[in-house]
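Participant: Got a predicted structure plus its sequence, pasted below:
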Amino acid sequence: MADSSLAARQAFWQAVALVLGLVATVALFLLALRERQSEWAQYQRLYAQMAGTHAAPSATMPVLRPEIVQIDLPNLHRVDRCPTCHLGMTDTRMAGAPMPFTQHSPLLASHPPERLGCTICHDGEGRAVTLDESHGAVPGQHARLLPASLQTARCFLCHGLEGLPEAQTQVVAEGVKLFNLYRCLRCHQVDGNGGSIGPDLSTIASQRDWVELYAHLLKPDALVPGSTMPDFGLRRAEATGLTAFLLTRLDPRQGVRDAEYLAMEVQAPETLERSATASVSPAVLTAEYNGRRLYAGLGCPVCHRVGLEGGSIGPSLTHIGLAREPSWLRDLLLDPGQTFPDGQMPGLELTQAEVAALVDYLSSLR
C-alpha cells in the first residue's frame, strides 16, 4: 500500500513538473516572439536591409544579431541604449538615410558615443528602448528629449561661453543677459548667491524638465498657484533663452564637470567622415501613436486645458476641433513661430507621424 501511494505521488509531481515545464517553454517562446516584434527589433531588421548584410559594426554598436545595444558610462552615471535604434550614427553609408538610421553630426568625431554617450547632449531617457519612453513622451516622465533650440545648453554646460563659437552659445548668452536684466538673484539663489524668497535654482534642471521651466517663465502663477514670482510678459525668444540658461543648472552627477575627463585626447574615427555619395532608400517603418497619450506625454497639459484638466498658460483646447481646421492645426504643430510669430508656444520638433496623431486627437475635441 505504501509503495503504491508513493508511486502515485511521484507520478503526480512528475506530471506537475511536466506541465510547468511546458508552460514555461510556451511562455519563453511567446516572449521571444513578442520581443522579435518589438519596436527596436523592427528598426534593426530594417537597418540591416538598408545598409546591407556585410556591415562593419563598431565595438560599441554590434549589429551582427538583433540585440539591445548599451553604452555603460559609470563615470557619468549614465546608461544609454540609444544606439539600439540609431544604428547608423557612425556609418558613412547612412548619410542620406532618414531617422533613426542616418549618420549623425561630424561632432561625433570629438564626442565619441562610447565615451560620452547620447543623453548628455540630447537628454531623454537613455535606458529606454521604445521611441516614446526614450524621447520622454510618456505621461509622468521627467527626462525629455531637448529640441535643437535648447541643445546648446548642454554644449555650454561642458565648454562654457569661451570654448564655443558665438552662434552655438547665443541662446544661453541671451538667457544669462535676461537673468541679470530681470534681477532674478533678488529672489533666487544660484550656487549660494542671491535671495531666499524663491526656490534655489542651482540644480533646477535636475528637478524640472524644459517644458515645465518654459511654462513657468511664461505664467508663474498658472503653473504654481499662489506663486509670488511676477509675470514678466516674456515672448517666445526670451522664454527660450532663459530656459536654455536654466538647463545649464544641472546636478554635477548628471553632467561632465571633470576637466581631465573633458581634456582626454580623442582619435577621430575615419568612419565619421561624411560621405557625399551615399544613397539610401527611405525607411518604410512608421511609428504609430495614440494622440491622446502623446498629447499628455509631450507636456501639453502643462499649458493647455481640455475640459477641467490642464493648465491656463495657453488657450483652452476643449473645443479646438470646432474652432480650427486640421490643416491649421498641422501647420501650428510643425512650426508655431510661423503660424503665431508673436505667440509663446515653443517648437516641439515633431515627426509627421506625431503631428498626424495629435491633429487627429485635437480635431476630435468638439
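Facilitator: Now that the structure is in, tell me what you want to look at. Owing to the predicted nature of the structure, the values given are computational and were not obtained by experimental measurement.

Participant: The residue nearest to Ala215 when sequence neighbours are not counted: neighbour count?
Facilitator: In space, and not counting its chain neighbours, Ala215 is closest to Val302: 4.8 Å by Cβ to Cβ, 6 or more residues apart in numbering. In this view, the C-beta of every residue, glycine as well, is placed from N, C-alpha and C. Neighbours of Val302 under the rule other Cβ atoms under 10 Å: 19.

Participant: Same check on the one 4 residues further on?
Facilitator: Counted with other Cβ under 10 Å, the burial measure for Val306 works out to 19 neighbours.

Participant: Show me where the protein dips below the pLDDT cut-off.
Facilitator: 1-3, 32-33, 35-36, 51-65, 255-286 (pLDDT under 70).

Participant: any idea how it splits into domains?
Facilitator: Dividing the chain into domains by automatic domain parsing, as the record does, gives the ranges 8-37, 40-55+70-146+267-272, 149-246, 291-363.

Participant: how about these in TSV, adding distance to Arg253?
Facilitator: What follows is the domains of the chain, written out as TSV (distance: least, Cβ to Cβ, whole Å):
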stretch	distance to Arg253
domain 8-37	32
domain 40-55+70-146+267-272	5
domain 149-246	8
domain 291-363	24
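
Participant: just so I know, which of the ones you listed lies nearest Pro252?
Facilitator: domain 149-246 (8.2 Å; Cβ to Cβ).

Participant: thinking again about what came up before, state the distance from the residue nearest to Ala215 to His135.
Facilitator: 17 Å (Cβ to Cβ, to the nearest Å).

Participant: My read is that the residue nearest to Ala215 contacts Gly311, right?
Facilitator: Yes: here Val302 reaches Gly311: they are 5.3 Å apart, a contact under Cβ atoms under 8 Å.

Participant: Name the residues contacting each of those two.
Facilitator: Residues touching both Val302 and Gly311 (Cβ atoms under 8 Å, 6 or more residues apart in numbering) are Ala215, Leu223.

Participant: Now do the phi/psi pair for Leu145.
Facilitator: For Leu145, the backbone dihedrals (degrees, to the nearest 10) come out as phi -60, psi 130.

Participant: so what's it up against?
Facilitator: Counted by Cβ under 8 Å, 6+ apart, Leu145 has contacts His122, Asp123, Gly124, Ser134, His135, Gly136, Ala137.

Participant: now do 7 Å
Facilitator: Counting by Cβ atoms under 7 Å, 6 or more residues apart in numbering, Leu145 touches His122, Asp123, Gly124, His135, Gly136.

Participant: From Ser363, how far off is it?
Facilitator: 25 Å.

Participant: cool, Arg324 as well?
Facilitator: Noted for Arg324: a distance of 8 Å to Ser363, by Cβ to Cβ.

Participant: what's the distance between Arg366 and Arg330?
Facilitator: 17 Å.

Participant: How about Gly307?
Facilitator: 23 Å.

Participant: Please identify which of these two sits among more neighbours.
Facilitator: Arg330 (19 against 10).

Participant: Quick check: that one touching Gln352?
Facilitator: No: the pair Arg330 / Gln352 is not scored as a contact, 9.3 Å apart, by Cβ atoms under 7 Å.

Participant: Name the nearest residue to Ser312, ignoring sequence neighbours.
Facilitator: Distances taken as Cβ to Cβ, 6+ apart place Ala222 nearest to Ser312, at 4.8 Å, with adjacent residues excluded.
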